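Visitor: My questions concern the predicted model and sequence given below.
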Amino acid sequence: MRIGGPVHTGLAIAGMAFVGLALPGPGRAQDIPVDLEVVLAVDSSSSVNAEEFNLQLQGYADAFLNPAVIKSIRNGDHGAIAATLVIWAGDGGVRQIAEWMLIDDLESAARFAKEFRKTPRYMLMDGTSISTAIIESVSLFNDNGFAGVRRVIDISGDGTNNVGRPVPIARDAAIEAGITINGLTILNEFPELDTYFSRFVVGGPGAFIVTADSFSTFSAAILNKLTREIAGETRPGGTMFADARGGF
């Protein structure tokens, strides 16, 4: 499995984004079958202060310890998912703070939450590059030890792309590789960020967006999002929307 720490594949993968990422090959015999492989990509740019950063990580920790999320995991055909968590900012500013882990019960979910909650605040200062977050997240699926029925990148953020590659190029390359991108938008600075994510960021089968009015409602929003993401619910009509208080 991949060891946590900075991701250093940006230049190579960024070049691939322009020509299309290779489709993931079939799972190796030793890969563990799971219902979902998910990269949780958390905004750690300079617009996110220490309190807001902690609210994001605590929101993910609370969600993974929630009985509704555990129930969704256990209800899958394999009864297990694989997850990793990265924080991101500008072009090249991506750090994996929890390596890939099998989650199939409350105990394993608690170990995963403990892994990323012990991480100190990293202030990544070089802007906001959603495209780099996508490109680097795609690379994390390679040789991760799991064979998922679905592959998802789950991006949370409070701003638009302002450095690095154009987001649609990275998004389309991820979709070409069979990966769905979902979004969790925090509307404290950009009230129309959900519309931006809908146009430029999310995509793939069953892609959807959950919105939170502020960092204080992030925990409810991520619980809403994870339960649907793990269950693999798909609905007709393109991108789906929800908020921290309601359903689709």
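Guide: Yes, it's here. Since this is a predicted model, take the numbers as computed values, not measurements.

Visitor: Keeping just the C-alphas, turn stretch 188-196 into PDB.
Guide: This file holds the C-alpha atoms of stretch 188-196, laid out as PDB (Å, rounded to 0.1, in the frame of the first residue of the first chain):
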ATOM      1  CA  ASN A 188     -18.800  31.000   2.900                       C
ATOM      2  CA  GLU A 189     -16.800  33.000   0.300                       C
ATOM      3  CA  PHE A 190     -18.300  32.100  -3.000                       C
ATOM      4  CA  PRO A 191     -22.100  31.700  -2.900                       C
ATOM      5  CA  GLU A 192     -22.200  30.400  -6.400                       C
ATOM      6  CA  LEU A 193     -19.500  27.800  -5.900                       C
ATOM      7  CA  ASP A 194     -21.900  24.900  -6.300                       C
ATOM      8  CA  THR A 195     -22.600  26.100  -9.900                       C
ATOM      9  CA  TYR A 196     -18.900  26.400 -10.600                       C
END
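
Visitor: centroid residue for this protein?
Guide: What sits nearest the mean C-alpha location of the chain, by CA atoms, centre = their mean, is residue 154, with 2.3 Å.

Visitor: and it, what pLDDT?
Guide: Residue 154 carries a pLDDT value of 96.

Visitor: does it sit in a helix, a strand or a coil?
Guide: strand (DSSP: H, G, I helix; E, B strand; the rest coil).

Visitor: what's near enough to touch it?
Guide: For residue 154, the contact set (CB atoms under 8 Å, 6 or more residues apart in numbering) comprises 38, 39, 40, 41, 182, 183, 184, 225, 229. C-betas here are computed from N, CA, C, even on glycine.

Visitor: at 7 Å what do you get?
Guide: Neighbouring residues of residue 154 by CB atoms under 7 Å, 6 or more residues apart in numbering: 38, 39, 40, 41, 182, 229.

Visitor: Now render the residues you listed as JSON lines, adding secondary structure, distance to residue 98 and pLDDT.
Guide: Shown next, in JSON lines, are the contacts of residue 154 (DSSP: H, G, I helix; E, B strand; the rest coil; distance: CB to CB, whole Å; pLDDT from 0 to 100):
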{"residue": "38", "secondary structure": "strand", "distance to residue 98": "12", "pLDDT": "98"}
{"residue": "39", "secondary structure": "strand", "distance to residue 98": "10", "pLDDT": "98"}
{"residue": "40", "secondary structure": "strand", "distance to residue 98": "8", "pLDDT": "97"}
{"residue": "41", "secondary structure": "strand", "distance to residue 98": "12", "pLDDT": "96"}
{"residue": "182", "secondary structure": "strand", "distance to residue 98": "18", "pLDDT": "96"}
{"residue": "229", "secondary structure": "helix", "distance to residue 98": "17", "pLDDT": "92"}
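
Visitor: These: which two are farthest apart?
Guide: 41 and 229 (13.0 Å; CB to CB).

Visitor: Strands along this protein, start to end?
Guide: With DSSP state E as the criterion, the chain has strands at 5-6, 32-43, 81-88, 94-103, 146-157, 180-186, 208-212, 240-243.

Visitor: if I look at residue 218, how far off is residue 195?
Guide: Relative to residue 195, residue 218 is positioned 19 Å away (CB to CB, to the nearest Å).

Visitor: er, residue 63 actually
Guide: In this structure, residue 63 and residue 195 are 25 Å apart, going by CB to CB.

Visitor: Of those two, give the one with the bigger neighbour count.
Guide: Neighbours per residue, other CB atoms under 10 Å: of residue 63 and residue 195, the larger number sits with residue 63, 23 against 13.

Visitor: which ones are touching that one?
Guide: Applying CB under 7 Å, 6+ apart to residue 63 gives the contacts 69, 222, 223, 226.

Visitor: Over to residue 150?
Guide: Neighbouring residues of residue 150 by CB under 7 Å, 6+ apart: 35, 36, 180, 232.

Visitor: Show me the beta-bridge partners of it.
Guide: Beta bridges link residue 150 to residue 36, judged by DSSP bridges.
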